[in-house]
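Colleague: Quick one, fold the following:
(chains A and B)
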Amino acid sequence: MQKELAELLFPNIMKTPEDYEAMYPERNLEKGAIVTRFAPSPTGFVHMGSLYQAFIASKMARQTNGVFYLRIEDTDQKREVENGITGIINDLKSFDFKIDEGPLQGGVYGPYIQSERVEIYQTYVKDLIKRGLAYPCFCTEKELAELRNRQEREKVRIGYYGMYAMNRNLTFDEIKAKLDAGLPYVIRLKSPGDFHKTINFHDCIKGNISFPENDMDIILLKQDGVPTYHFAHAIDDHLMRTTHVIRGDEWVSSVPVHLQLFEVLGFTPPKYAHIAPLTKREGTSVRKLSKRKDPDASIRFYHEKGIPHDAVKLFLATLANANFEMWYNQNKDKTLDDFAFQFQKMPVGGTYFDLEKLNSVSRIYFSMLKANNLYDGTLTYYQEYDQDFAQIIEKNKEKTIALLNIEREVKRPRKDLASYSDVKHEFENFYDEIFLNKDPESAYSGLENDKNYDVSLVEQYLNIYQDTDSKEEWMERLKGLAQDNGYAREVKQYKENPEEYKGHVGDVCETIRACVTGKKMSPDLYEILKILGKESLAKRIDHFKKYLED
RNA sequence: GGCCAGUUGGUGAAGUGGUUCAACACACCGCCCUUUCACGGCGGCAUUCACGGGUUCAAAUCCCGUACUGGUCACCA
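Modeller: Numbers count the residues shown, from 1 in each chain, chains lettered A, B, ... in the order given. As a prediction, the model looks like this:
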């Protein structure tokens, strides 16, 4: 009878589970190799939360010489977005995640798009029906809603299970009659579970967890013949020979369903690793990072700000394994690839997505770049976002690299850059074509309207300027200049007898700095002056005077 | 409401029974270095690990309860 029912429902399915088992054999990999996947729905761009999951999955696969593949879960046509798949692939590519198998790169376990695998799912469903483990259900939305209401009233567990599974024991003739009447139906699992029994399993991240067994007759195939997530997961991850299912922890409570599915299908279950969500604070509550509410959830955000993807990855790495940061700080010459991530060290609760932390990670990243690499990245960034500035730094390539190199090739480099967008802000005043073309007020806006400077100090400095000076000679000159004008040669001198001086050599520097950079703070003045040269200095003095006169 | 999980300083977090167990990072403050800022150095910032009880010679670490936070209970993934 069950066999007849199976044939009645799926007359066109000719293959058997055995055929697919043979088609997709076990992978031949070294022991401990992790086969895992990134399995998004094509609902738009990849956001931080899913990127984080992809990062962890690809990392775990890479470091065990395993396989990282991409599977598109497009079983819900309603949610689909145009170009969703290429968008996802491009996003992953831009972060340099190597995809071993996927819709574009192919692979012997394909197709890697679920909508192209419908025949496979139906084959297994047909087999389950044949074995009396699944059945067609004709319940309408309305009936289901009524059931829910009734269960709410009776204060019993809500769901389609046990005695509430109305269509569970329909006879063959009843089913045939409904079919003949053209009624739509879904295929449900005839759950063998008992809610009063407990199922234990081990999650690689969360540890041992126990749940009541699943007794819900969950839907396997929707009305359109396409599987639900649960069923597709069981079939695909078995057939694609996934060893570790790495996914968001909103799935933890579904594990009993999934384990049951593996059981009835006769599959060995994979290991599970449920990743805690990236979270944000909102008042006193905590919520998942949201595509809609958080601009920083989008990858675009980092691109526009000019935070390199490698810096973002470093940040994700510290979120994934907090001990990464310490290791990295002690092994600056190593890369992400040299660190072995551990599931056990991944956070169990929510993971706070802290932009300030990203900032600090990015600063360290920038501080370690070589000037010419920094230059290349900067140029690429401004070619996209500010062509005028891009032209200027391109025209002044050597000068720009020299500027970017100030206090860089030292043991402890500066950390004043957190993004490419900071470069313009920090350095634009060093280009005469920008600085001198600004009106004096805005060129010197960094002085915050402080006009208490003695410009004659800079004029005197111009007269004694020697571009062959070593740093020590330069300093000597400044000290002389200080002394001649009633300033202390040394800061200490001044501190001991402040009333005897107008100020100290630092104040002299400060005045030159203000004149030259338009700011109260800057990288090493000696280096800057050397790069700018005497001519530029002279022009800046005139500019400075206009500002002071105003 | 049922089921499952989490709760360590200003923040993120290490740490799962015992003489450095309260690391580290970010933030903040103080001092030092110093031509400014930064960098760096030193110091400060949880007598205590949500609360209450229990087990133990010994608990942030194990057990029970309470509170709070989050997840989940779809023909969405």
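
Colleague: Which residues are in contact with the residue nearest to residue A:212 when sequence neighbours are not counted?
Modeller: Of all residues not flanking residue A:212 in the chain, residue A:195 sits nearest, at 4.9 Å (C-beta to C-beta, 6 or more residues apart in numbering). Any C-beta I mention is one placed from the backbone N, CA and C, and that applies to glycine too. With contact taken as C-beta atoms under 8 Å, 6 or more residues apart in numbering, residue A:195 is in contact with A:157, A:161, A:212, A:213, A:215.

Colleague: and the least confident helix or strand in chain A by mean pLDDT, which residues are buried?
Modeller: Here the helix or strand of chain A ranked lowest by mean pLDDT, DSSP states H and E is helix A:491-496, holding a mean of 78. Neighbour counts over helix A:491-496 (16 or more other C-beta atoms under 10 Å) mark A:493, A:494 as buried.

Colleague: Just list what that helix packs against, helices and strands only.
Modeller: In terms of contacts (3 or more C-beta pairs under 8 Å, 6 or more residues apart in numbering; DSSP states H and E), helix A:491-496 is packed against strand A:503-504.

Colleague: please redo it, this time with the cut-off set to 10 Å
Modeller: If you count contacts as 3 or more C-beta pairs under 10 Å, 6 or more residues apart in numbering; DSSP states H and E, helix A:491-496 packs onto helix A:471-484, strand A:487-488, strand A:503-504, helix A:505-517.

Colleague: ok so, going back, including distance to residue A:444, pLDDT and neighbour count, could the contacts of residue A:195 go into TSV?
Modeller: Converted to TSV, the contacts of residue A:195 look like this (distance: C-beta to C-beta, whole Å; pLDDT from 0 to 100; neighbours: other C-beta atoms under 10 Å):
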residue	distance to residue A:444	pLDDT	neighbour count
A:157	71	90	13
A:161	74	94	19
A:212	71	92	14
A:213	73	93	17
A:215	75	94	21
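
Colleague: The residue of the stretch 401-550 of chain A found nearest RNA strand B in helix, strand or coil?
Modeller: As assessed by C-beta to the nearest atom of the strand, RNA strand B sits closest to residue A:412 within the stretch 401-550 of chain A, at 2.8 Å. For residue A:412, the assignment made with DSSP: H, G, I helix; E, B strand; the rest coil gives coil.

Colleague: What pLDDT is listed against it?
Modeller: With respect to pLDDT, residue A:412 scores 77.

Colleague: correct me, but it touches residue A:332?
Modeller: No - Residue A:412 is beyond contact range of residue A:332, at 11.1 Å (criterion: C-beta atoms under 10 Å).

Colleague: residue boundaries of the strands in chain A?
Modeller: A:35-38, A:67-70, A:134-137, A:186-189, A:198-203, A:207-212, A:219-221, A:244-248, A:271-275, A:278-282, A:285-288, A:351-352, A:487-488, A:503-504 (DSSP state E).

Colleague: So which of the helices and strands packed on helix A:491-496 is nearest residue A:228?
Modeller: Comparison of the helices and strands packed on helix A:491-496 against residue A:228 by C-beta to C-beta identifies helix A:505-517 as nearest, at 62.6 Å.
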